[in-house]
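Trainee: below is the sequence, then the predicted model.
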Amino acid sequence: MAEIVSEEQQRRLSRNIMIAAAIAILFFIIAAIVTIRTFNGVDRYQTAIGELRDVKLDDGTVLHLNSDSEAEVRFTAHGRKVRLFKGEASFDVSADEARPFDVEARSAVIRSSDTAFNVRMRPSIVELTVTKGKVIVYCSKGKPHAVAAGGGAVIQPRTVSLTRLGPKLVDQRTAWRAQMVELDGETVEQAAGEFNRYRAAPILIGDSRVSALRIGGRFPIGGSREFLSVLQLSLPIRAVHGEDGSVMLLYRDEVAKALAVN
């Protein structure tokens, strides 16, 4: 009789274990669904080298991504947050007084509503350009600063340096929105760096004498051929094209001598 009871207990125990396992699986599925719904508001956008992209967000804000850029967008009932991981982005922010619009780029936080501004992540700084309205910017636990249209900021991990830009510099910084590279006396090295943002194979400086030469002009972002042609026509520079698509800029001594004589 003891053996029959024992077998019955084992069957009940097995049945209870199966019920508990089923309940656990059900709770796991429910938790997974809740997790998916919780993070459903997170969207990630990115561009390849040479690609520009415009994204209209759920609130009406338009996110413009420059070449080789990446951003994550998350909206909640209390706020709108964008994290810029790399590259450059411009924002036309839709008004929503109840939900501020925050852009995080490294240690920088830029807060706005019904404004337009541009954020570029350079190697050691974050560069802010405001084109409409006013934003509040701060880094880490630093003091917040107001930046109005026509102004900008250079943001480092612990400091925010405000700058007055003027219409010409604002236009130059945002020329990429019109798919243009605008140069105004930049060095050849700086200019090559701008075009390299849109090229898979880079323009390289092969002679230190080339680096400090200066160039101006307005070129399509995909117009590095035109840029190289202007370089060779106006400066003592020779462009040598590599088999991999890269371009090496060399100094032409014979041209430099001719320019010196004239």
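Mentor: Right, received. Where do you want to start? Here the structure is a predicted model, which means the values were calculated and not measured.

Trainee: show me the domain layout of the chain.
Mentor: 45-166, 179-261 (automatic domain parsing).

Trainee: lowest average pLDDT across the ones you listed?
Mentor: If you rank the domains of the chain by mean pLDDT, domain 179-261 sits at the bottom with a mean of 91.

Trainee: can you give the distance of that domain from its chain's centre?
Mentor: Distance of domain 179-261 from the chain centroid (Cα atoms, centre = their mean, to the nearest Å) equals 25 Å.

Trainee: same check, this time on stretch 178-187
Mentor: With Cα atoms, centre = their mean, you get 19 Å for stretch 178-187.

Trainee: what ranges does the stretch 1-150 of the chain have for its helices?
Mentor: All helices of the stretch 1-150 of the chain, identified by DSSP state H, counting those that start in this stretch, fall at 2-38.

Trainee: can you give me the strands for it?
Mentor: Secondary structure of the stretch 1-150 of the chain (DSSP state E, counting those that start in this stretch): strands at 42-46, 53-56, 62-65, 70-75, 80-86, 88-92, 101-105, 108-112, 116-121, 126-132, 134-139, 145-148.

Trainee: just put the domains of the chain in TSV and tack on distance to residue 173.
Mentor: Heads up, the C-betas are built off the backbone N, CA and C, glycines and all. Shown next, in TSV, are the domains of the chain (distance: least, Cβ to Cβ, whole Å):
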stretch	distance to residue 173
domain 45-166	5
domain 179-261	9
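
Trainee: using a markdown table, please lay out those together with mean neighbour count.
Mentor: Below are those laid out as a markdown table (neighbours: other Cβ atoms under 10 Å):
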| stretch | mean neighbour count |
| --- | --- |
| domain 45-166 | 17 |
| domain 179-261 | 16 |
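
Trainee: residue 172: which of those is closest?
Mentor: Of all these, domain 179-261 sits nearest to residue 172, with 4.6 Å by Cβ to Cβ.
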